[in-house]
Structure formats: structure tokens, C-alpha cells
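Trainee: The following block contains a protein sequence and its predicted model.
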Amino acid sequence: MKATRNSIAALVAAASLSIPCGAFAFDTGYQQGSADASGQVTGAAGVNGAQHAAPTLEHCDRPFGKIAVYEPQDAFQRALLSYRLPSPTGLLRLMIQQSNCFVVVERGVAMKNIMQERRLSEGGLTRAGSNMGGGQMASADFVLTPEVVFSDNNAGGVGGGVVSSIGGLFGPLGRVAGAIAGGVRFKQAQTTLILADTRSGVQVAAAQGSSEKTDWALGGILGGAGGAVGLGAYESTAEGKVVASAFLNAYNNVVVATRGSPELNRDSRSLKQEAGTVSRAGVVFEEGDVVAPKIAKIRVYSAPTANAKPAAQPFQRGGEAVVEGREQDGFIFIRGDGFEGWVEKHLIRKIRS
């Protein structure tokens, strides 16, 4: 037994001399959908575009509209947790932003922090001029709901008895290493993404994705204690990479199914335009509200800017107009008796709905 232990330890040590710490791995392959995956979900995204996105990720010239990614149902969440995988919403939001097909709005854990900041403002505890209040938050045009199921068959490859032997020889850490060494604990991950319109509740798209592990890797556990940090994350485990690849496949299918559908275009403003729009806080006006000017007369513009040409005679005190449902950059589009155009939101008041 001692000799066997020493032999395996020597094998590991010898391999570690020629392979960088944390990278001891045999060739790892993932079969995504019907084509080989040429990249995992990594990188970043911001107002200036995506960095290091997966080469297979679909891309759009402009967004369809704004989207909120919701948590999967409890049963699917428990299935992920059984493989030490967290909620996939962060992964999906990264993919979506990198693709430029939708502008992502926050509806996850950070939403609680956002609402806390708003409550502080409402309570008068924030600085004057913070410009935080009603009518500022962007609404989601679509919601995306993920689902995932696993095929728990043996993943093939080496795994099996060799993995169990390694785990038994090296104790608790070895058992973790053994689990990683065998590649994935399931053969295939199948994911589903449901895209629904928030206003009508109509499901406008549904797509499936799949990915399977075609061979095995030892992973980063041999890097020492630090190598175990992040186990279960989508970038650091074989299981996580399979699921991430399957979600990438499903999201690409959603984009393919919806691209070129003008009836789905809700708001094509880019993320940079959205980020640069700081709406003035104030009363929320809805389409159909009847409004009147707060002062004797206010200007009516042809565009939502004070530099635009007048669209009509001033909106006089005593007059009434109907909100047409459009708000942009602190301006509201109204229609009155013989005139229509944009007025500054803070200069009008709601009479009735």
C-alpha cells in the first residue's frame, strides 16, 4: 500500500515539474450542441463593449430592448447546488451583455441594495441634489428564465476506479481531487431559456442548449490549498464548464430565434446611451394622464431637448393635454387641442388619470 501511495505521489510530482501549478490537466473537450465549443464563458462587458467573450457567442448590432434575468425555480436551483454550482443568473447576464442583443436591468440580489439606497433618499438621509426618486428606473421589456437538467450517466474516460483510488489515498483533499480528476459527475447538461414579454406576458421565444464532457481533466486542485478556492464556480470545475457551455448554446439559440424579428424590437438604445441617460426624478406620468402647466405658460418643443425648435404655441395655464406615454431625458410628450410636442416634465402637473 505504501509503495502504491509513493508511486502515485511520484507520478503527480513528476507531472507537476513540467506543468504549471494549478494547470495539471489532460486534454479537456466539451461538445456543445452539435458543434465543438471553441470557448467557455469568460471575460467582461461594459459600456464600451465586450472583452474576451467566447468565440461562439452570438452578437447583435443593436439591442432588442431591456431584459431582466430571473432565478430558476427551486427544483433547478437545488439541482445546481447539488454540484456546488451557484445560480446561473450572473453567468447569463455576462453573456447577454457581451452579445449586445439586450440591455440588462438589475432584478437580482443587488436590487435589494438599490431599493435600500432609495429608501434612504426618501427618508431625507442623503445629500440634497442627489436626484433620486420616482420615474427613473428602466423597465424590463423581456424576462429570461433559465432551467437546467442533468444526465447522471458515467462521463466515460478514465474516471471510475482510478478516481476512487486517488481519493482514498490522499484523504479528504484527495476525495475532492478525485471528484475533479474524473471530469464531470454527469454526462450531459441540458438547459432551457424562456423569453417572455413583460407587458403582454406572451412567451416570445424558447430555446434548448446542451453540452457534454468528451474526456477528462485533473483540474486545478493540485495547486495546493489555493487551488480549492472557488470549487463549484462555473469557471473552475468541469461540471461548471459543462453547464456554462450548455447555457451558452441555449442563449445562442434564443438570439438566432429572435434576430431579424422587427416585431420584437422594443428599444434599440445602446447600453452606452442608457448609461448616459440620467432622468430627473419626479412624478411618474402614465399614458393617458391629463396634465396642465404649473406656471402661466411653458414651451412645447419638437424634440426632447431645450435646444429644439418650438413645436407649437406655448402650453397655457388653464389648458389641458394628454400624456402620450413617452418620456425621455426629463421631457414628456403630450398632445393638446391643436398641438403636440415635448415639454419639461417638472413644469407640468397631473390633473387626473
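Mentor: That came through, no problem. Residues are numbered from 1 along each chain as shown.
Trainee: tell me which element residue 98 is part of?
Mentor: Following DSSP states H and E, one finds residue 98 within helix 89-99.
Trainee: Tell me the first helix or strand C-terminal of that helix.
Mentor: Next along from helix 89-99, by DSSP H and E: strand 103-104.
Trainee: Now do the helices in the stretch 1-150 of the chain.
Mentor: In the stretch 1-150 of the chain, the helices defined using DSSP state H, counting those that start in this stretch lie at 2-18, 74-81, 89-99, 110-122.
Trainee: what does the stretch 251-353 of the chain give?
Mentor: For the stretch 251-353 of the chain, the helices defined by DSSP H, counting those that start in this stretch cover 271-275.
Trainee: so where's it shaky on pLDDT?
Mentor: 278, 280-282 (pLDDT under 70).
Trainee: any idea where the strands of it begin and end?
Mentor: Listed in chain order, the strands of the stretch 251-353 of the chain (DSSP state E, counting those that start in this stretch) span residues 290-293, 297-298, 315-316, 321-328, 331-336, 339-344, 348-352.
Trainee: Neighbouring strands - and their directions - for the fourth one?
Mentor: Strand 321-328 has the following strand partners under DSSP bridges: strand 290-293 (antiparallel), strand 331-336 (antiparallel).
Trainee: Okay, now the unreliable bits of this structure?
Mentor: 1-40, 42-45, 47, 50-52, 135, 152-185, 213-233, 278, 280-282.
Trainee: how's it carved up into domains?
Mentor: 2-105+140-271, 284-352 (automatic domain parsing).
Trainee: The last one: end-to-end distance?
Mentor: Across its full length, domain 284-352 reaches 13 Å between end residues, using Cα to Cα, to the nearest Å.
Trainee: Number the residues from 745 up from this point.
Mentor: Okay, residue one is now 745; in that scheme the one you just asked about reads as domain 1028-1096.
Trainee: ok, now which ones touch residue 803?
Mentor: 797, 843, 844, 845 (Cβ atoms under 8 Å, 6 or more residues apart in numbering). Backbone N, C-alpha and C define where each C-beta goes, glycine included.
Trainee: actually residue 836, sorry about that
Mentor: By Cβ under 8 Å, 6+ apart, the neighbours of residue 836 are 813, 888, 890, 937, 991, 995.
Trainee: Need the contact partners of stretch 936-950.
Mentor: Outside stretch 936-950, the residues touching it (Cβ under 8 Å, 6+ apart) are 812, 836, 883-892, 951-953, 991, 994-995, 997-998, 1001-1002, 1008.
Trainee: Need the buried ones from those residues selected in PyMOL.
Mentor: This is how PyMOL selects the buried members of the contacts of stretch 936-950, with burial counted by 16 or more other Cβ atoms under 10 Å:
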select buried, resi 812+836+884+885+886+887+888+889+890+891+892+951+953+991+994+995+997+998+1001+1002+1008
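Trainee: before we move on, the earlier item: can you tell which of the strands of the stretch 995-1097 of the chain is closest to residue 858?
Mentor: Nearest of the strands of the stretch 995-1097 of the chain to residue 858, taken as Cβ to Cβ: strand 1065-1072 at 19.9 Å.
Trainee: hang on, isn't residue 807 packed against residue 1017?
Mentor: No. In this structure, residue 807 is not within contact of residue 1017 by Cβ atoms under 8 Å, at 9.7 Å.
Trainee: Same drill for these two, tell me which one is more crowded.
Mentor: residue 807 (25 against 13; other Cβ atoms under 10 Å).
Trainee: And residue 839, how close does it get to residue 1039?
Mentor: For residue 839, the distance to residue 1039 equals 49 Å [Cβ to Cβ, to the nearest Å].
Trainee: Give the residue from those two that has the larger number of neighbours.
Mentor: Neighbour comparison, residue 839 and residue 1039: the larger count goes to residue 839, with 28 against 9 (by other Cβ under 10 Å).
Trainee: List the residues that contact the more buried one.
Mentor: If you count contacts by Cβ under 8 Å, 6+ apart, residue 839 has them with 785, 797, 798, 801, 991, 992, 995.
Trainee: How many residues are close by the second one?
Mentor: This means residue 797. Around residue 797 there are 22 residues (other Cβ under 10 Å).
Trainee: is it true that it touches residue 842?
Mentor: Yes. Using Cβ under 8 Å, residue 797 is in contact with residue 842, at 4.1 Å.
Trainee: and stretch 1041-1056, which residues are buried?
Mentor: 1042, 1043, 1044, 1045, 1048, 1055.
Trainee: ok, for the third one, nearest residue in space, not its chain neighbours?
Mentor: By the measure of Cβ to Cβ, 6 or more residues apart in numbering, the closest residue to residue 1044 outside its immediate chain neighbours is residue 1085, 4.0 Å from it.
Trainee: beta partners of the one you found?
Mentor: Beta-bridge partners of residue 1085, as defined by DSSP bridges: residue 1078.
Trainee: Spit out the contact partners of it.
Mentor: By Cβ under 8 Å, 6+ apart, the neighbours of residue 1085 are 1044, 1045, 1046, 1054, 1055, 1056, 1077, 1078.
Trainee: Can I get those in a markdown table including distance to residue 823?
Mentor: Conversion of the contacts of residue 1085 to a markdown table gives the following (distance: Cβ to Cβ, whole Å):
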| residue | distance to residue 823 |
| --- | --- |
| 1044 | 57 |
| 1045 | 55 |
| 1046 | 55 |
| 1054 | 61 |
| 1055 | 57 |
| 1056 | 60 |
| 1077 | 48 |
| 1078 | 51 |
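Trainee: Since that was my last question, I'll sign off now.
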